[in-house]
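Engineer: structure here, sequence nowhere to be found:
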RNA sequence: GGGCGGGUCGCUUAGCGGCAAGAGCUGCAGACUGUAGAUCUGCCGGCCUCCGGGCCUUCGGGGGUUCGAGUCCCUCCCCGCCCA
């Protein structure tokens, strides 16, 4: 794992952290939001645009790319970065989440999972080792171990079972380790019981991963519960390693999680909702399709300085969406990602200046939409 | 002038004696958190509602038959196609 280093630059008294994750493909300033490029594409945008809007790292998906076009194709292309023409760091998800949410799970055993492809029904067997091997073939920078993902609700017995298996897989993954040019994170699961989460955090931390992910949150559980679970986890992770909250990306959630010591995020929400016309603004989310925007000849978010907000209007975006023009999803996607990039930039500045809490409160108060 | 076909929610249409009346589109809203350009949900004649429903006005116009008519009959108007 040469070339990787996480530097904790500053910690807010309340717990928010400002850091830099150095990778062989560039540094990532944290807290950071990682746009999701499941199929080796952040839907609707080019990577030039992704770079331009301020993203320093993107997520791609092992599950999807393994099934199509196949990790071997990507390897022959010269690796994921060359394949998709993104020179910055890439984090790949292990595919654990997708095996449980998208595939037809055939069996779950000590050795791994057997599932059917949602694309062609073909059967595949994944072990923790195999998943690391696939990610090595893909050539991503930060990789994740196979884990067991639960939906909400899940009772403690289920969560404990899933956690035990996830932990044994984590131990196997840690033993195998990653090539020196990759960074392997550990994943903390544990369902919806704070005590179980705390135990999971401690045990994953014992495996001494260079970074830690928190999985299985924002899957339908009450927000207050998610925050409590997060508290239980981050307080038990080593200070010197980056913490990555998987799958979280609503603006208020990001601020709450940063306050709890999270450094990295990924989420499909900003890009997914953008494709149906929902955009983030400093006063909350809004749907540009709505009739009230028909004659609003103002920027999508008047408080945003992104390329979209500098050139286009709500009325125009509304027209694009109503006309089913592909530029609508493109502009909305660009704006939402730029919005989060800016939000992260502001959060970093606030932490550095020891004014994260007041900044967070002000920002949350202005952001009226409750999610 | 003659022969067919047709006029039902903004559009396209279903309906063939019990109908405030089905579908699709549009429209009006909502959902989406390790991806889903997908999809799903609610509303879409008016008024009231204790949300169970209640009342009123509707299927080109007028008249009629019938307990009951968008549906059957007469008549007028309009549209499309064909023949002259």
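Structural biologist: On my side now, so go ahead. Please read these numbers as outputs of a predicted model, since none were measured by experiment. Residues are numbered from 1 along each chain as shown, chains lettered A, B, ... in the order given.
Engineer: what about the helices in the stretch 201-350 of chain A?
Structural biologist: A:223-234, A:251-259, A:269-274, A:307-311, A:314-322, A:327-352 (DSSP state H, counting those that start in this stretch).
Engineer: tilt between the last one and helix A:251-259?
Structural biologist: What it means is helix A:327-352. Note on geometry: by axes from the mean of the first three to the mean of the last three Cα atoms, to 10 degrees, helix A:327-352 and helix A:251-259 are set 30 degrees apart in direction.
Engineer: write out the residues of the stretch 51-200 of chain A neighbouring RNA strand B.
Structural biologist: Of all the residues in the stretch 51-200 of chain A, those in contact range of RNA strand B (Cβ under 7 Å from any atom of the strand) are A:59, A:61, A:63-64, A:93-94, A:96-98, A:101-102, A:144, A:147, A:149, A:187, A:189. All C-beta atoms are positioned from the backbone trio N, CA, C, and that covers glycine.
Engineer: in strands only, show me the residues you listed.
Structural biologist: A:59, A:61, A:93, A:187 (DSSP state E).
Engineer: tabulate these (TSV), appending neighbour count.
Structural biologist: Supplementary listing: these in TSV, determined by neighbours: other Cβ atoms under 10 Å:
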residue	neighbour count
A:59	25
A:61	22
A:93	28
A:187	29
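Engineer: among the residues you listed, which two are most distant?
Structural biologist: Using Cβ to Cβ, these reach their maximum pairwise distance at A:61 and A:187, which is 15.2 Å.
Engineer: residue A:21 and residue A:243 touch, don't they?
Structural biologist: No. No contact is recorded between residue A:21 and residue A:243 when judged using Cβ atoms under 8 Å, the distance being 10.9 Å.
Engineer: between these two, what contacts are shared?
Structural biologist: Between them, residue A:21 and residue A:243 have A:211, A:263-264 as joint contacts when contacts are counted by Cβ atoms under 8 Å, 6 or more residues apart in numbering.
Engineer: coming back round to it: got JSON lines for the helices of the stretch 201-350 of chain A, with mean pLDDT, distance to residue A:110 and mean neighbour count too?
Structural biologist: Putting those into JSON lines (pLDDT from 0 to 100; distance: least, Cβ to Cβ, whole Å; neighbours: other Cβ atoms under 10 Å) gives the following:
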{"stretch": "helix A:223-234", "mean pLDDT": "95", "distance to residue A:110": "25", "mean neighbour count": "20"}
{"stretch": "helix A:251-259", "mean pLDDT": "96", "distance to residue A:110": "33", "mean neighbour count": "23"}
{"stretch": "helix A:269-274", "mean pLDDT": "96", "distance to residue A:110": "34", "mean neighbour count": "22"}
{"stretch": "helix A:307-311", "mean pLDDT": "97", "distance to residue A:110": "50", "mean neighbour count": "16"}
{"stretch": "helix A:314-322", "mean pLDDT": "96", "distance to residue A:110": "49", "mean neighbour count": "20"}
{"stretch": "helix A:327-352", "mean pLDDT": "97", "distance to residue A:110": "39", "mean neighbour count": "22"}
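Engineer: and RNA strand B, which of those helices is closest to it?
Structural biologist: Shortest separation from RNA strand B across the helices of the stretch 201-350 of chain A is recorded for helix A:269-274, at 2.9 Å, computed as Cβ to the nearest atom of the strand.
Engineer: give the other helices and strands that that closest one contacts.
Structural biologist: Applying 3 or more Cβ pairs under 8 Å, 6 or more residues apart in numbering; DSSP states H and E, we find helix A:269-274 packed against helix A:327-352.
Engineer: quick one: distance of the next helix-or-strand element following the helix it packs on to the chain centre.
Structural biologist: Scanning forward in sequence from helix A:327-352, with DSSP states H and E defining helices and strands, the next element found is helix A:356-366. The gap between where helix A:356-366 is centred and where its chain is centred comes out at 22 Å by Cα atoms, centre = their mean, to the nearest Å.
Engineer: which residues sit against helix A:356-366?
Structural biologist: Contact with helix A:356-366 is made by A:12, A:14, A:16, A:252, A:255, A:258-259, A:282-283, A:343, A:346-347, A:350, as judged by Cβ under 8 Å, 6+ apart.
Engineer: buried residues in that helix?
Structural biologist: Applying a neighbour-count criterion of 16 or more other Cβ atoms under 10 Å, the buried positions in helix A:356-366 are A:356-357, A:359-360, A:363.
Engineer: per-residue confidence for the closest residue to residue A:32 other than its chain neighbours?
Structural biologist: Nearest residue to residue A:32 in three dimensions, chain neighbours excluded: residue A:264, at 5.3 Å (Cβ to Cβ, 6 or more residues apart in numbering). Predicted confidence (pLDDT) at residue A:264: the value is 98.
Engineer: so residue A:264 sits against residue A:20, correct?
Structural biologist: No. Residue A:264 sits out of contact with residue A:20 when judged by Cβ under 8 Å, with a separation of 11.7 Å.
Engineer: if I pick the most far-flung residue of chain A relative to its centre, what's in contact with it?
Structural biologist: The outermost residue of chain A, judged against the average C-alpha position, is residue A:295 (35.5 Å), by Cα atoms, centre = their mean. Applying Cβ under 8 Å, 6+ apart to residue A:295 gives the contacts residue A:315.
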